[in-house]
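Enquirer: mind looking at a prediction? Sequence and model below.
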Amino acid sequence: MSLRLRGLLAVTAACAAALSVALPATAAPPASPRVTLDAAPVWTHAATPAGATPAAATVRLAAVLPLRDPAGAERLALAVSTPGDAQYGHYLTAAQWRARFAPTDATVATVTGWLRARGFSVTSVPANHRYVAFTGSAGAANAAFGAGLTNYVKDGAHVSAPSRAVTVPAELATSITGITGLDTSARMTPTHSTQDAIPAAAGPPNPLPHAAGPPNPLPHAAGPPDPRPKEELPPPGAVFRNAPPCSDFYGQKLVRNVPQPLATPLTYAPCGYVPEQLRSAYGLTASQRLGLDGRGATVAIVDAYASPTIFGDAATYAQLNDSRHPLRASQFRQLLPATFTDTEACDAAGWYGEESLDVEAVHGTAPAASILYVGASSCNDVDIVAAVNSVVDNDLAQIISNSYGNAGEVSATDAAEEHQTYMQAAAQGITVLFSSGDAGDNIADTGTRQPDYPAADPFVTAVGGTSLGVGDRGQYLFETGWGNKRSVLTDGAWTPFPGEFRGGGGGGTSFVWDQPRYQLGVVPASIANVNGNGPHRAVPDLALLGDPNTGYLVGQTQQFPDGTFRYSQYRIGGTSLSCPLLAGIQAVANQIARRSLGFLNPTVYSLAGTPAFKDINSAGVTRGVVRVDYVNSVDDTDGTITSLRTLNDTGTIFTRRGYDDVTGVGTPNGAAYLAAVTRPPTPHHAH
């Protein structure tokens, strides 16, 4: 599970005998030996260059600094997280972590001095010295790091990336482990499925006034002025509206007069489950009646940007759909940056729906928990990673919910900064949750079967997705792995059938991270060794509802065709739903335990195969729901489309008895999960 950084020393040979011409009388001194931090991004090998990045272009980068005693840090982070270990639950404070493991002031001084000498401006250094953020020109970056920055078009976007290996002088080999930000295609993407959302039928314009949001009590982090130009956040995006019919619960409205190609009858998709339905289906209703509702716990939600109407939207949503559990101003805080950037490239307004889903899902499963929303200044890796690090290094929450990720894995070198933050979180008893992704095995997106990152990091809990049936009384009907194929009703037939893949819970086996000890004996060898390079980290760890076709109702201010902005409700899904649902459940567990439960994976795997989890073993069972959608997402002016969405079509990953790479060890089983996770047994494999 060690971070396998590949630093190769490249020394320039200066052998006069090998030269075909005589050296001049006064030869230049030999070039300083350099250390390779990372190769050029793999994707650039097949990309067509669009010219060199202009030398005057501004770049925003971060130099990642190495931990002192990284092996000791890893051992401690696991020890305090492993039931049965003598150090279990004896967490460090952020100050104690810094004193033992953070890079020294001398290292920071060496790096900042070197950067400034090469024309860069140092913009910030966090208290834990995780990185040194700096800005400068592309020309300065090429001179300092030998990167050969080049422009490319990737996935339709104009980006810049190194065309050569990234290097630093050998004397900095022990001070810098990586440079982030050189590849501007490295952006986090929300893991929600808005393209498959079915909004609830529109009612009167905003029937409830938006509650006023509380003032932001958290100060902005101190540091030099940000050299980036400030960008205004865009207004909310266009409204989604659904076309009837849809069901109030699974199976309410059967679909007739259409072909029935599946063994189970087709039903109109649910309009979107509301909080009480999910609390009931996941066995949380009884505990909530006893006052086990997350009070005393703080959940931090990290996304990019910040919806200007978030508190009012979430408060309105609770009043409309969960009136016994209002969202109070005292429960909600925000920590926002002074500036926002790359709003167009990152589709800033698209993140508003992610934020709405995250806040409303956490409140739905933990109605009394405190919520801290932390908005990154952009979706670029360097900015979102800094936002997560700020929560960890300032001990702002016990649980961090992250509903975004990179499509596929990144190298261990690229992950160095994030990995160190997740280790620190574990050592401090902070639970870090990540959505496992919405592209299933990732073959369609990357061409290779692989999990997403950061979900694949061995110090985070990766949350996969399921399809869930909730009955008329809130009862749990069934759960399968989430994987959808889509067929359209054309001339009385479903075309094509089976349809094209439309999304599914992310999972698979890492190529980068070795198998962590907590997965030994639980993850089958057929999964751990599937890549043929020895046992590696398998994803996800556990799962909850993610399928947008059996998804969650959310409320958000959106733009209507007449140009007005009004509150409306629509259905949404993705592992962006799975992750905050688990965050809320963990807030309840923390309340029961009267302490933070920290890094969950050693406990989760110690409970595999027990009643704490429902084992999702749905292989070979394919259900389907029927969707009717407006072509223009607003009304029937342009007609409607009727489609069949299959459930449990998961590609090369699939559910099976025991651990599987779609749902992990299974889904939390209500009171049994809460009781077990707060009093975990000694693991099968002692630390």
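Expert: Happy to help now that I have it. Numbering: from 1, shown residues only.
Enquirer: tell me who's in contact with the residue nearest to Gly505 when sequence neighbours are not counted.
Expert: Nearest non-adjacent residue to Gly505, counting by CB to CB, 6 or more residues apart in numbering: Gly465, 3.1 Å away. In short, each C-beta sits where N, CA and C put it, glycine included. By CB atoms under 8 Å, 6 or more residues apart in numbering, Gly465 lies in contact with 436, 438, 481-482, 504-506, 543-547, 573-575, 577-578, 662.
Enquirer: inside helices: which ones of those?
Expert: Counting by DSSP state H, those place 575, 577-578 in helices.
Enquirer: thought Phe101 was touching Leu67?
Expert: Yes - Phe101 is in contact with Leu67 according to CB atoms under 8 Å; the separation is 4.9 Å.
Enquirer: now the spatially closest residue to Val530 that is not a sequence neighbour, what's its secondary structure?
Expert: If the residues on either side of it in the chain are set aside, Val530 comes closest to Thr509, at 5.0 Å by CB to CB, 6+ apart. Using DSSP: H, G, I helix; E, B strand; the rest coil, the three-state assignment for Thr509 comes out as strand.
Enquirer: one more: Leu357?
Expert: Going by three-state DSSP: Leu357 is helix.
Enquirer: let's see the pLDDT reported for it.
Expert: Leu357 carries a pLDDT value of 98.
Enquirer: closest to Pro245 among the ones in helices among the contacts of Gly465?
Expert: Taking CB to CB as the measure, Pro245 sits nearest to Leu577 out of the ones in helices among the contacts of Gly465, at 22.8 Å.
Enquirer: list the contacts for that closest one?
Expert: Leu577 neighbours (CB under 8 Å, 6+ apart): 192, 357, 361, 403, 465, 544-546, 551-552.
Enquirer: looking at those residues, which is nearest Thr36?
Expert: Nearest to Thr36 among the contacts of Leu577: Ser403, at 34.3 Å, using CB to CB.
Enquirer: so what's the closest one up against?
Expert: 190-192, 301, 303, 354, 357-358, 435, 574-577, 579-580.
Enquirer: skipping adjacent residues, who's closest to it in space?
Expert: Ser576 is the one closest to Ser403 (CB to CB, 6+ apart), at 3.7 Å.
Enquirer: and the lengthiest strand in the chain, what does it pack onto?
Expert: As assigned by DSSP state E, the longest strand anywhere in the chain is strand 493-504. Judged by 3 or more CB pairs under 8 Å, 6 or more residues apart in numbering; DSSP states H and E, the packing partners of strand 493-504 are strand 483-490, strand 640-647.
Enquirer: tell me how far the ends of stretch 56-73 are from each other?
Expert: In stretch 56-73, first residue to last residue: 40 Å (CA to CA, to the nearest Å).
Enquirer: and that stretch, what's buried?
Expert: For stretch 56-73, the neighbour count (16 or more other CB atoms under 10 Å) marks 59-67, 70, 73 as buried.
Enquirer: ok so, going back, overlap in contacts, Phe101 and Leu67.
Expert: Taking CB under 8 Å, 6+ apart as the contact rule, Phe101 and Leu67 both touch Ala73.
Enquirer: need phi/psi at the residue nearest to Gly505.
Expert: The phi/psi pair for Gly465 (degrees, to the nearest 10) reads phi -120, psi 150.
Enquirer: what bridges to it?
Expert: Leu544 (DSSP bridges).
Enquirer: what residues are up against the residue nearest to Gln331 when sequence neighbours are not counted?
Expert: Distances taken as CB to CB, 6+ apart put Ser370 closest to Gln331, at 5.3 Å, once the chain neighbours are dropped. Going by CB under 8 Å, 6+ apart, Ser370 touches 297-299, 331-333.
Enquirer: can you say which of the helices and strands packed on strand 493-504 is nearest to Ala366?
Expert: Among the helices and strands packed on strand 493-504, strand 640-647 sits nearest to Ala366 (CB to CB), with 27.3 Å.
Enquirer: strand partners of that closest one, parallel vs antiparallel please.
Expert: Its sheet considered, strand 640-647 pairs with strand 483-490 (antiparallel), strand 623-630 (antiparallel) by DSSP bridges.
Enquirer: mind checking how far that strand is from the chain centre?
Expert: Relative to its parent chain, strand 640-647 has a centroid offset of 28 Å by CA atoms, centre = their mean, to the nearest Å.
Enquirer: list the buried residues in the helix or strand containing Ser287.
Expert: Per DSSP states H and E: Ser287 is located in helix 285-289. Neighbour counts over helix 285-289 (16+ other CB under 10 Å) mark 287-288 as buried.
Enquirer: avg pLDDT for it?
Expert: 94.
Enquirer: could you export that helix as CSV, CA atoms only?
Expert: Extracted in CSV, the C-alpha atoms of helix 285-289 (Å, rounded to 0.1, in the frame of the first residue of the first chain):
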residue,chain,number,x,y,z
THR,A,285,-36.6,5.1,10.8
ALA,A,286,-36.7,3.4,14.2
SER,A,287,-33.3,4.8,15.3
GLN,A,288,-34.3,8.3,14.2
ARG,A,289,-37.5,8.1,16.4
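Enquirer: and Gly139, its phi and psi?
Expert: According to degrees, to the nearest 10, Gly139 has phi -60, psi -40.
Enquirer: who's in contact with it?
Expert: Neighbours of Gly139 in contact, by CB under 8 Å, 6+ apart: 55-56.
Enquirer: from Ser435, how far off is the most centrally placed residue in the chain?
Expert: Nearest residue to the geometric centre of the chain (CA atoms, centre = their mean): Tyr404, 3.0 Å. With distances taken as CB to CB, to the nearest Å, Tyr404 is found 7 Å from Ser435.
Enquirer: go on, Trp482?
Expert: 12 Å.
Enquirer: neighbour-wise, which of these two wins?
Expert: Neighbour totals were compared for Trp482 and Ser435, and Trp482 leads with 39 against 33 (other CB atoms under 10 Å).
Enquirer: got the contact list for the more buried one?
Expert: 464-467, 503-505, 543, 546-547, 573, 647-648, 650, 662.
Enquirer: how about a cut-off of 6 Å?
Expert: Contact partners of Trp482, counting by CB atoms under 6 Å, 6 or more residues apart in numbering, are 465-467, 504-505, 546-547.
Enquirer: once you drop chain neighbours, what's closest to it?
Expert: Gly465 (3.8 Å).
Enquirer: ditto for Thr191
Expert: That would be Ser435: by CB to CB, 6+ apart, it lies 4.0 Å from Thr191.
Enquirer: ok, then the element right after the helix or strand encompassing Leu78?
Expert: Assigned by DSSP H and E, Leu78 falls within helix 70-79. Following helix 70-79 in sequence order, the next helix or strand is helix 94-101 (DSSP H and E).
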